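1. need the 3D shape of this:
(one chain, ligands or ions: 1)
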Amino acid sequence: MQNSTAAEERYRLGRELADKLGATDGPSTFDLLGMTWELLPGTYAPRPGTGTEWYTNAIPYPENGRFLEIGCGAGVTAVWAAKHGCAHVTATDITASAVESAARNIVRHGVEDRVHAFRSDVFSDLDKDERYDTVFWNCSVLEAPQEFEFTRDVERAIFDRGYSALQRYLRGAHSWLAPGGRAFVTFNSLGDASRLHEVADQAGTSLQPLDSSTRELVGKEVTFKLLEIYPKVR
Ligand SMILES: C[S@@+](CC[C@H](N)C(=O)[O-])C[C@H]1O[C@@H](n2cnc3c(N)ncnc32)[C@H](O)[C@@H]1O
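-> Below is the predicted model:
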């Protein structure tokens with residue numbers, strides 16, 4: 001159970017983030033990492049200050065390897081991975097708007113031969129025979145109550161009901177890895193770190209910090225963490 005005041009404050013902040021980071025009425029563009037990206041309404045807009053810019057540079061991409069990104073949003077990390085040594089990238093998201101934004105950016109940046117984007121609820125729609133050298137999710141860090149109703153696509157980028165998608169991700173990540181592969185998840189100080197570790201434990205995993213960075217987001221200092229997922233030794 002979350003402490004109710006802290007949970008209410010997180011929820012309020014989440015709504016503020018959804019309003020600030022949700023895209024506008026029509027298609028737009030934004031600049032990040034020295035490149036211009038397309039964005040459709042409903043897709044999370046990873047503007048400077050969000051974790052995306054930092055994570056995208058911090059991930060240890062598999063040279064000539066296969067990279068799986070869950071929750072690709074506008075496809076910044078997936079496109080970047082293909083341009084920085086990955087031979088094959090699978091990029092998925094639960095929302096159609098994110099997948100369409102990613103598809104546009106894949107074409108815009110000329111990596112359609114090695115990046116494929118499609119809809120999937122965590123691992124549900126992946127080809128069961130595929131395996132990856134690196135699995136990654138910049139997850140939705142605010143825990144929403146089980147009765148929370150998603151009414152806008154962008155809320156999927158902020159809220160996770162009972163951290164249930166996160167738990168499925170942590171539980172399943174290792175089964176998609178090729179021998180020697182590595183699995184990562186992000187988290188930041190807006191989320192509930194004690195719940196993260198509880199959920200990781202329930203998923204039979206432990207999380208080890210690989211790197212972190214503190215930046216300003218919506219007027220707050222936020223610490224972003226890149227965590228490596230390990231199967232828990234029982
Ligand atoms: C914090 S955003 C990150 C987006 C993008 N990777 C970035 O860094 O800009 C989290 C993303 O996960 C997606 N997502 C949320 N729940 C999901 C689920 N159950 N399965 C797949 N993707 C999900 C959201 O739609 C959103 O695009």
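
2. point out where this protein drops to low pLDDT.
-> 1-3, 22-24, 234 (pLDDT under 70).

3. helices along that one, start to end?
-> 4-21, 51-58, 76-83, 96-108, 164-172, 193-202 (DSSP state H).

4. deepest-packed of these, please.
-> helix 76-83 (a mean of 26; mean count of other C-beta atoms under 10 Å). Using the backbone N, CA and C atoms, a C-beta is placed for each residue, glycine as well.

5. tilt between that helix and helix 96-108?
-> Interaxial angle of helix 76-83 relative to helix 96-108 (axes from the mean of the first three to the mean of the last three C-alpha atoms, to 10 degrees): 30 degrees.

6. ok, and what's touching helix 76-83?
-> 32-33, 35, 37, 46, 52, 55-56, 59, 61, 67, 69, 72, 89, 91, 102, 105-106, 109, 111, 114-115, 117, 136, 138 (C-beta atoms under 8 Å, 6 or more residues apart in numbering).

7. correct me if wrong: Glu16 contacts Val218.
-> Yes. Counting by C-beta atoms under 8 Å, Glu16 touches Val218, with 6.3 Å between them.

8. could you redo the helices of the chain as a markdown table and give each row distance to Pro41?
-> Shown next, in a markdown table, are the helices of the chain (distance: least, C-beta to C-beta, whole Å):
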| stretch | distance to Pro41 |
| --- | --- |
| helix 4-21 | 12 |
| helix 51-58 | 18 |
| helix 76-83 | 17 |
| helix 96-108 | 6 |
| helix 164-172 | 22 |
| helix 193-202 | 30 |
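
9. taking the centroid of the chain, which residue is nearest it?
-> Asn138 (2.3 Å; C-alpha atoms, centre = their mean).

10. I'd say it and Trp54 touch.
-> No. Counting by C-beta under 8 Å, Asn138 does not reach Trp54; the two are 10.0 Å apart.

11. so what's Asn138 up against?
-> Asn138 sits in contact with Gly51, Thr52, Tyr55, Gly71, Gly73, Thr77, Thr186, where contact means C-beta under 8 Å, 6+ apart.

12. quick one: the strands in the protein?
-> Using DSSP state E, the strands of the chain run over 28-32, 35-39, 66-70, 88-93, 115-119, 132-137, 142-144, 159-161, 177-188, 205-217, 220-231.

13. what subset of the contacts of helix 76-83 is buried?
-> 32-33, 37, 46, 52, 55-56, 59, 61, 67, 69, 72, 89, 91, 102, 105-106, 109, 111, 114-115, 117, 136, 138 (16 or more other C-beta atoms under 10 Å).

14. give me every residue in this protein lying close to the ligand.
-> Counting by C-beta under 6 Å from any ligand atom, the chain comes close to the ligand at 44, 46, 52, 70-74, 76-77, 92-95, 98, 121-122, 138, 140, 156-157, 165.

15. and if we set it to 5 Å?
-> 44, 46, 52, 71, 73, 93-95, 98, 121-122, 138, 140, 156-157, 165 (C-beta under 5 Å from any ligand atom).
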